[in-house]
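> Just need the structure, nothing else, for what follows:
(chains A and B)
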Amino acid sequence: MTTKQKRYESLVQVYNKELYRFAYWLCQDPTIAEDLVQETFLRAWRSLDALQDDSAAKSWLLTILRRENARRFERKQFDYADVEQDTLVDSTSASPDSQTEQMMVQRQISLLSPEYREPLLLQVVMGCSGEEIAQILELNKNTVMTRLYRARNQLKEALTQVTETAKGASN
Amino acid sequence: MDELEFRRRLFADPNDKDVIAQADTDPAKQRLVKEMQDFDATLHSALDISVPDDLAQKILAKQQADTETSSKQSAEVKQLAWYRRFKAPLATLLQPYWLSPCTLQPQFRRHYMRANTR
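Next comes the predicted model:
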């Protein structure tokens, strides 16, 4: 096996799951998420020599994936507005209560505007730092931190509201 | 760091070490740090959806197929390059033979031109 092949396989093993989760929450469709990740890695393979430093691999792969996602809109193969919000998949929760709570959280995350959702996904799903997010989204770090603050603030408020409404309905 | 700055930075990153250090001597801030870290754990768990089992294999299979296709294409390009390299000298060598009826035999040339003008 060549060094290039080994390097590529190690990137696939390390990042395929995280990238899939990020892609899923970006487009909210499992099939499109899988296609996006496959296409991202194929492009990464073709230009692997351009990646000088493996510590920059995550940001590099995310940049490719975001570009692929943008290309999807250019091709107009898929209309974001047509995404069924009800197709949200459940994660590996055990009890029905925690499953309901998770679905509630998922729904609120999907309702965040993309400018708040994307930095949050990069931070929580991909474990990116403020600097990395700023670099990937081509924003300055202060803007990123403000968006992250607003994203959590909106989510907390929305979830509190939903919980209170649910409590009120059950009384 | 004032209260507002503390809150903004904590909400932006509940694992920010400087912010957590600020809460050391303040129980109210400590409670808020704990609340935001728990909230982040909830977010993390909600976003932690299952990934198709065979995703890594599919990615590698696609790359293998791409490598095979591109090596096949590069072999074809090499063959074409070989043909192009020998095409010019070959044509130069053969040129006198297929031009000779026209250039060396005026009779044939006249006949050929008449046939073409009809």
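> For the spatially most central residue of chain A, which non-adjacent residue is spatially closest?
In chain A, the centroid-proximal residue (Cα atoms, centre = their mean) is residue A:22; its distance is 2.5 Å. Of all residues beyond its chain neighbours, the one nearest residue A:22 is residue A:125 (5.0 Å), with distances taken as Cβ to Cβ, 6 or more residues apart in numbering or on different chains. Just so you know, the C-beta spots here come from the backbone N, C-alpha and C atoms, and that holds for glycine as well.
> The one you found and residue A:25 touch, don't they?
Yes. At 6.6 Å, residue A:125 counts as touching residue A:25 under the criterion of Cβ atoms under 8 Å.
> can you list the residues of chain B near chain A?
Taking Cβ under 8 Å from any Cβ of the partner chain as the criterion, chain B approaches chain A at residues B:8-9, B:11-13, B:36, B:39-40, B:42-52, B:55-56, B:58-60, B:62-63, B:66-67.
> From those, which land in helices?
Judged by DSSP state H, those include B:8-9, B:11-12, B:36, B:39-40, B:42-47, B:55-56, B:58-60, B:62-63, B:66-67 as members of helices.
> Okay, now the unreliable bits of chain A?
Along chain A, segments meeting pLDDT under 70 span A:76-96, A:170-171.
> To clarify, my last question referred to chain B.
Residues of chain B that meet the cut-off, pLDDT under 70, sit at B:74-80, B:82-83, B:86, B:95-118.
> show me the contacts for the residue nearest to residue A:22.
If a contact means Cβ atoms under 8 Å, 6 or more residues apart in numbering or on different chains, then residue A:125 has A:18, A:21-22, A:25, B:44, B:47 as its contacts.
> Neighbour-wise, give me the winner out of those.
Highest neighbour count within the contacts of residue A:125: residue A:22, with 27 neighbours (other Cβ atoms under 10 Å in any protein chain shown).
> tell me which strands and helices the longest helix seen in chain A is in contact with?
Scanning chain A for the helix with the most residues, using DSSP H, yields helix A:141-170. Packing partners of helix A:141-170 (3 or more Cβ pairs under 8 Å, 6 or more residues apart in numbering or on different chains; DSSP states H and E): helix A:96-111, helix A:114-124, helix A:130-137, helix B:3-12, helix B:27-47.
> which of those helices sits most buried?
Most buried of the helices and strands packed on helix A:141-170, by mean neighbour count (mean count of other Cβ atoms under 10 Å in any protein chain shown): helix A:114-124, with a mean of 21.
> circling back: roughly how far apart are the residue nearest to residue A:22 and residue A:48?
24 Å (Cβ to Cβ, to the nearest Å).
> Next: residue A:30.
27 Å.
> And for residue A:60?
10 Å.
> Could I get the buried residue list for the helix or strand hosting the residue nearest to the centre of chain A?
Residue A:22 is located in helix A:3-27, with elements delineated by DSSP states H and E. Along helix A:3-27, these residues count as buried under the neighbour rule (16 or more other Cβ atoms under 10 Å in any protein chain shown): A:8, A:11-12, A:15-27.
> Likewise for stretch A:29-44?
So stretch A:29-44, judged by 16+ other Cβ under 10 Å, has buried residues A:29-30, A:32-42, A:44.
> check whether that stretch contacts chain B.
Yes. Residues of stretch A:29-44 contacting chain B under Cβ under 8 Å from any Cβ: A:30, A:34, A:37-38, A:41-42.
> For residue B:24, state which of those is nearest.
Using Cβ to Cβ, residue A:37 comes nearest to residue B:24 of these, at 41.8 Å.
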